[in-house]
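K.L.:
How does the following fold in three dimensions:
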Amino acid sequence: ERLMLAFIQPEKYPPNHYVRRVKLSKIALYTLIQTVLLVFLWFVNENFYISNGGVFKAGLLFPFVIMLFIPIRVFVLPKWFTKRELNALEMEKEDNHS
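P.N.:
Next up, the predicted model:
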């Protein structure tokens, strides 16, 4: 849905939709961060290739990487987003399912 926002006018969304509370540039940044973290998580889950030709199964580190996402949410994201923006972006999941 967030990818479609580039092609749809925000005025078309309901009054309580997160698009009306968060700038489109911030939504794009949030989506980019989530995509980068997802790709990183997929990379760790698959394999980690070492330059000398060996392979280290980094899939065993999967739970540790998930735990590293908590400090990113608590300490890094508040530097780029206000508390109100983060609440709106996180409530987006709840708004879509109700």
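
K.L.:
Find me the pLDDT at Phe69, would you?
P.N.:
What the model reports as pLDDT for Phe69 is 89.

K.L.:
And the one 4 residues further on, by the same measure?
P.N.:
Among the per-residue scores, Arg73 shows a pLDDT of 90.

K.L.:
What spatial separation is found between it and Glu85?
P.N.:
Distance, Arg73 to Glu85, by C-beta to C-beta, to the nearest Å: 13 Å. To be clear about C-beta, it is placed using only N, CA and C from the backbone, and glycine gets the same treatment.

K.L.:
what packs against the lengthiest helix in the chain?
P.N.:
Using DSSP state H to define each element, the chain has its longest helix at helix 24-46. The contact analysis (3 or more C-beta pairs under 8 Å, 6 or more residues apart in numbering; DSSP states H and E) places helix 24-46 against helix 62-71, helix 83-97.

K.L.:
contacts for the helix or strand that the first one is followed by?
P.N.:
The helix or strand immediately downstream of helix 62-71 is helix 77-80, counting by DSSP states H and E. In this structure, residues lying in contact with helix 77-80 by C-beta atoms under 8 Å, 6 or more residues apart in numbering are Leu29, Ile33, Leu86.

K.L.:
Please report how far the second one lies from Asn45.
P.N.:
In this case it means Ile33. 19 Å.

K.L.:
same thing with the last one?
P.N.:
Counting by C-beta to C-beta, the gap from Leu86 to Asn45 is 26 Å.

K.L.:
Looking at the two, which one has more neighbours?
P.N.:
Leu86 (17 against 13; other C-beta atoms under 10 Å).

K.L.:
Count the residues that sit near the spatially closest residue to the more buried one that is not a sequence neighbour.
P.N.:
Sequence neighbours aside, Leu77 is the residue nearest to Leu86 in space, at 6.2 Å (criterion: C-beta to C-beta, 6 or more residues apart in numbering). Taking other C-beta under 10 Å as the criterion, the count of residues near Leu77 is 16.

K.L.:
Likewise for Val36?
P.N.:
Count around Val36 with other C-beta under 10 Å applied: 10.

K.L.:
For burial, what's the neighbour tally of Trp80?
P.N.:
12.
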